[in-house]
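Undergrad: Everything below, folded, please.
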Amino acid sequence: LPDQTIILGVIDLLDQKVESAETVAARIRRALPHVDPARVIVAPDCGMKYLPREVADGKMHAMAEGAAIVRRELEGA
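TA: A predicted model of the protein is given here:
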């Protein structure tokens, strides 16, 4: 996928449990051998509106922190 931008769904919307930032980071890392990190857009997938607000908020925070973890790793590489 050398020329494609990938919107990568890293949040499980079928599970009411909020993922840890490290779980999200691991999901992001799994894509990196297949696509240039600059072409990855991390996303929650669709369906967030069906979750309770507290769960959705927690999942979004985990997604942002997971992306930050991977970004710091890539900057240090």
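Undergrad: and A62, how many neighbours?
TA: 21 (other CB atoms under 10 Å). (Each C-beta comes from the backbone N, C-alpha and C, glycine too.)
Undergrad: doesn't A26 make contact with it?
TA: No. Using CB atoms under 8 Å, A62 makes no contact with A26, being 11.6 Å away.
Undergrad: In this protein, where is pLDDT below threshold?
TA: 1 (pLDDT under 70).
Undergrad: if you set the cut-off to 80 instead, what comes out?
TA: Filtered on pLDDT under 80, the chain yields the residue ranges 1-2, 45, 77.
Undergrad: What lies in contact with stretch 10-27?
TA: Here stretch 10-27 makes contact (CB atoms under 8 Å, 6 or more residues apart in numbering) with 8, 28, 42-48, 50-52, 55, 58-63, 65-70.
Undergrad: Can you tell me the SS state at K17?
TA: With DSSP: H, G, I helix; E, B strand; the rest coil as the basis, K17 sits in coil.
Undergrad: Next, find the distance separating it from V55.
TA: As for K17, its distance to V55 is 8 Å (criterion: CB to CB, to the nearest Å).
Undergrad: Have a look at the two and say which one is more surrounded.
TA: The neighbour comparison of K17 against V55 (other CB under 10 Å) goes to V55, with 16 against 10.
Undergrad: Report the contact partners of that one.
TA: V55 touches Q16, V18, counting by CB under 8 Å, 6+ apart.
Undergrad: same thing with I7?
TA: I41, A43.
Undergrad: Across the sheet, point out what pairs with it.
TA: I41 (DSSP bridges).
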